[in-house]
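>>> Next one to model:
(2 chains)
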2 protein chains.
Amino acid sequence: MNTVQVETPGGSYPIHIASGRLDLLGQSIPDDATAIALVSNPTVYALYGQRASQALAKTGKRLVHIELPDGEAYKNWETLNLIFDGLLQNRLDRKAVLVALGGGVIGDMGGYAASSYMRGIRFLQVPTTLLAQVDSSVGGKTGINHPLGKNMIGAFYQPVAVEIDTDVLATLPGREVAAGLAEVIKYGLIIDAKFFAWCEEHVDALRALDSQAITYAIQRSCELKAYVVSQDERESGLRAILNFGHTFGHAIESGLGYGEWLHGEAVGCGMVQAAELSAITSGLSAESVQRVRALTAAIGCPVRPPDLGTDRWLELMQVDKKTEGGRLRFVLIPEIGQAVFESVPAEALRRVLDNAALPQE
Amino acid sequence: MNTVQVETPGGSYPIHIASGRLDLLGQSIPDDATAIALVSNPTVYALYGQRASQALAKTGKRLVHIELPDGEAYKNWETLNLIFDGLLQNRLDRKAVLVALGGGVIGDMGGYAASSYMRGIRFLQVPTTLLAQVDSSVGGKTGINHPLGKNMIGAFYQPVAVEIDTDVLATLPGREVAAGLAEVIKYGLIIDAKFFAWCEEHVDALRALDSQAITYAIQRSCELKAYVVSQDERESGLRAILNFGHTFGHAIESGLGYGEWLHGEAVGCGMVQAAELSAITSGLSAESVQRVRALTAAIGCPVRPPDLGTDRWLELMQVDKKTEGGRLRFVLIPEIGQAVFESVPAEALRRVLDNAALPQE
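Predicted coordinates:
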């Protein structure tokens, strides 16, 4: 088993990464837990619910199931309230533990419900998508969407542990594997040039979900993200670099309508655009831009941005919640493995966005 | 000006207590705030909204008003969402500051909204009832009610400062003054026998809202609560003693229907019952029980519990969220100024509850 220990001011917890972890979930339930609530959706539950339930039942504690509808469209208050209803109807007290079994939506909602139920109960995160394993299960970000913006309501809240069973990726659709790998290579781009090069070398093994390659990629991603988060739990500084590619990516998701592209696909394409912007403003070499584009394409992500029109792009980017007092700042990479967070001239941004409208071969 | 500095693991902040603080609110807004959202209700706003707005406008920052319906019945998700709507429609970013101007409901909802908006913005608490000044503005408890239980959804979240203007108590109904004083004497009962005796000596001045007496009572209450909270921010141990009288009090509120008695009135009466229970199980002298009853009556609180019937009392007390794994524990006072948190024999509890059904002179 590979373990990454995450240290934050808000708490310290282990991420366990191995084949077969699902059957050992009970080991991560604290002894003094009074009951367990297993939160999942029908898709994930049909695949892994029984194994998870059996593993949790081994603790001998009372187990309650709470099923949420599947999909980002349900990441809202009404669905969150289904968790609260289930916890209260079953009279779970503040020493109960919530287990979030699923992708990013289940993890975000389960974590936020845990943070808010009786002002905070413990939770165990069991991410079942590659994206959730390398991204949303690390760093304590939880929350729901609001009609006026994604992830606008939430909390920073750390789990007691994260359990990553690499076997579950076998049932993941190919597009979701690509979306997860986009986040993996992002860590290389912003902080670890060697890891980026390793991804280039192992791209075929990663796409094929080779056990050794994918376990290392998840571990290294978690280590790198954990390092960044440990420096800056509340996103006041360094943590912003994790948003590399996200300002473009959010505009793609919002401009096309959420769900058209997967989040990771939009971020993958956004990283290529952010690399192009970095070439203009921060000295990233043309060869490096090409490496970013090539690897993003090789993992199976789209690298050509949708033609939203430059004005629409700009409009979409202004409403991003990273806008502070009106300035538009970007995460840029002067070179691969190094990131900065800086204001950019509108002219440079326009050049990148105008590119998106050009016919490409 | 009197200042109490509150130190907690989650943050440190000052409570300023003085006549006229409302006109100086701008001083507590951090320099880097990008905007201010003033959250209040029509009742409080009609009395103090203009003065608060003028004081905040002096910062030169953009000021947004968010008005919520008045009353505990509105302490729910729908009303909380009015805050999120207002923040998002006005595009407040994560460096905005929320100012909660009102009683406990406004403070609880404003604080919870601040804790959750973009995963946490800063907030300034301006409590306008005596109860909120001595209780809910200290300790970081925020939240909303759920149809299945009060305060079931929320967060521990600390303000950047609490501003207490003692002048605003002049417009407070007499019953609300009594309800606030119940919490004041509670601090004496659980932790400071000298302060309890001081309250006995100054009960007339307190009921008359004599400026010097009430300022000291608020300051001492905040100091005592701050001490308890600083030892135990997340209510795992010592903090439980703050619930003295509350298990009985919640049963009264719930049994009669919320709003029939004020929360502080129910707690006042509950403290008398908790003192009776302490006499049976923990050695509190009959003379001390009589002092508790006499001072509770002298501040204007009911001391005779409603006749709910013993079985109904027990039913109401079992669902309390302090029930852990089924045991029923109480805060008890072996003597005035000293509290413990212990399981009690059902028989002792029944004796106290049977008392409530007796005809009294």
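>>> A:H65 - that's part of a strand, no?
Yes - in this structure, A:H65 lies within a strand as judged by DSSP: H, G, I helix; E, B strand; the rest coil.
>>> doesn't A:L38 make contact with it?
Yes - proximity of A:H65 to A:L38 meets the contact threshold set by CB atoms under 8 Å, at 5.3 Å. Heads up, the C-betas are built off the backbone N, CA and C, glycines and all.
>>> intersection of neighbour lists for the two?
A:G49, A:S53 (CB atoms under 8 Å, 6 or more residues apart in numbering or on different chains).
>>> Next, the contact list for the spatially closest residue to A:Y258 that is not a sequence neighbour, please.
Excluding the flanking residues, the one nearest A:Y258 by CB to CB, 6 or more residues apart in numbering or on different chains is A:E72, at 6.1 Å. Residues in contact with A:E72 (CB under 8 Å, 6+ apart) are A:V105, A:N145, A:Y258, A:G259.
>>> where's A:E72 relative to B:F244, distance?
46 Å (CB to CB, to the nearest Å).
>>> And the helices in chain A?
A:42-44, A:50-57, A:77-89, A:104-116, A:130-131, A:174-191, A:193-201, A:203-207, A:211-231, A:246-256, A:263-282, A:286-298, A:310-318, A:346-357 (DSSP state H).
>>> right, so of the ones you listed, which gets closest to A:P14?
Among these, helix A:211-231 comes nearest to A:P14, with 10.3 Å by CB to CB.
>>> How about the closest one, which residues are buried there?
A:213-230 (16 or more other CB atoms under 10 Å in any protein chain shown).
>>> Over to stretch A:185-200?
Within stretch A:185-200, the residues that count as buried by 16+ other CB under 10 Å are A:185-193, A:195-196, A:198-199.
>>> can you list contacts of it?
Contacts for stretch A:185-200 (CB under 8 Å, 6+ apart): A:134, A:181, A:184, A:206, A:217, A:220-221, A:224-225, A:227-228, A:241-242, A:244-245, A:267, A:271, A:275, A:291-292, A:295-296, A:298-299, A:331, A:333, A:335-339.
>>> Can you select the buried ones among these for me in ChimeraX?
Buried subset of these, written as a ChimeraX selection, criterion 16+ other CB under 10 Å:
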select /A:134,181,184,206,217,220,221,224,225,227,228,241,242,244,245,267,271,275,291,292,295,296,298,299,331,333,336,337,338,339
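>>> Show the contacting residues for A:V162.
Counting by CB under 8 Å, 6+ apart, A:V162 makes contact with A:Y13, A:P14, A:I15, A:H16, A:L124, A:Q125, A:V126, A:P127, A:S137, A:V138.
>>> Centre of the chain to stretch A:191-204, how far?
19 Å (CA atoms, centre = their mean, to the nearest Å).
>>> For the buried residues of stretch A:185-200, could you give me CSV that also reports pLDDT?
Putting the buried residues of stretch A:185-200 into CSV (pLDDT from 0 to 100) gives the following:
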residue, pLDDT
A:I185, 97
A:K186, 97
A:Y187, 97
A:G188, 97
A:L189, 98
A:I190, 97
A:I191, 95
A:D192, 97
A:A193, 98
A:F195, 98
A:F196, 98
A:W198, 98
A:C199, 98
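>>> Of all pairs in the residues you listed, which one is the farthest apart?
Using CB to CB for every pair in the buried residues of stretch A:185-200, the one that comes out farthest apart is A:I190 and A:W198, at 15.0 Å.
>>> Show the contacting residues for A:P30.
A:P30 touches A:V97, A:R122, A:V160, counting by CB under 8 Å, 6+ apart.
>>> Isn't the first one up against A:A37?
Yes - with contact defined as CB under 8 Å, A:V97 counts as touching A:A37 (7.4 Å).
>>> Distance check, the residue located most distally from the centre of chain A against A:D93.
Computed with CA atoms, centre = their mean, the maximum C-alpha offset from the centroid of chain A is found at A:G60, amounting to 32.4 Å. The spacing between A:G60 and A:D93, counted by CB to CB, is 17 Å.
>>> swap in A:E315?
A:E315 is 48 Å from A:D93, by CB to CB.
>>> more neighbours, these two?
Neighbour totals were compared for A:E315 and A:D93, and A:D93 leads with 18 against 14 (other CB atoms under 10 Å in any protein chain shown).
>>> Relative to chain B, how far out is that one?
Per CB to the nearest CB, to the nearest Å, A:D93 is found 5 Å from chain B.
>>> and if you look at A:Q158?
13 Å.
>>> show me what contacts that residue?
A:V6, A:T8, A:G10, A:G11, A:Y13, A:G140.
>>> Would you mind checking those residues for buried ones?
Looking at these with 16+ other CB under 10 Å, the buried ones turn out to be A:V6, A:T8, A:Y13, A:G140.
>>> Cross those against strands and list the overlap.
Judged by DSSP state E, the buried ones among the contacts of A:Q158 include A:V6, A:T8, A:Y13 as members of strands.
>>> Quick one, which of these has the minimum pLDDT?
By pLDDT, A:T8 ranks lowest within these, coming in at 77.
>>> so that one sits right up against A:K141, yeah?
No - if you go by CB under 8 Å, A:T8 and A:K141 don't touch, sitting 11.6 Å apart.
>>> For the stretch 101-250 of chain A, what lies in contact range of chain B?
Counting by CB under 8 Å from any CB of the partner chain, the stretch 101-250 of chain A comes close to chain B at A:115-120, A:141-143, A:146, A:148-149, A:151-156, A:234.
>>> Quick check on those: which are buried?
By 16+ other CB under 10 Å, those give A:115-120, A:141-143, A:146, A:149, A:151-156 as buried.
>>> thinking again about what came up before, and of the helices of chain A, who's closest to A:D167?
helix A:211-231 (8.6 Å).
>>> Just the CA coordinates for the closest one, please, in PDB.
This file holds the C-alpha atoms of helix A:211-231, laid out as PDB (Å, rounded to 0.1, in the frame of the first residue of the first chain):
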ATOM      1  CA  SER A 211      -1.600  -0.700 -12.200                       C
ATOM      2  CA  GLN A 212       2.000   0.300 -11.300                       C
ATOM      3  CA  ALA A 213       1.900   3.500 -13.500                       C
ATOM      4  CA  ILE A 214      -1.500   4.700 -12.300                       C
ATOM      5  CA  THR A 215      -0.700   4.000  -8.600                       C
ATOM      6  CA  TYR A 216       2.400   6.100  -8.900                       C
ATOM      7  CA  ALA A 217       0.700   8.900 -10.800                       C
ATOM      8  CA  ILE A 218      -2.100   9.100  -8.200                       C
ATOM      9  CA  GLN A 219       0.500   9.000  -5.300                       C
ATOM     10  CA  ARG A 220       2.700  11.700  -6.900                       C
ATOM     11  CA  SER A 221      -0.300  13.900  -7.700                       C
ATOM     12  CA  CYS A 222      -1.600  13.600  -4.100                       C
ATOM     13  CA  GLU A 223       1.900  14.400  -2.800                       C
ATOM     14  CA  LEU A 224       2.300  17.400  -4.900                       C
ATOM     15  CA  LYS A 225      -1.200  18.700  -4.200                       C
ATOM     16  CA  ALA A 226      -0.800  17.900  -0.500                       C
ATOM     17  CA  TYR A 227       2.500  19.900  -0.500                       C
ATOM     18  CA  VAL A 228       0.800  22.900  -2.000                       C
ATOM     19  CA  VAL A 229      -2.300  22.700   0.300                       C
ATOM     20  CA  SER A 230      -0.100  22.200   3.400                       C
ATOM     21  CA  GLN A 231       1.500  25.600   2.600                       C
END
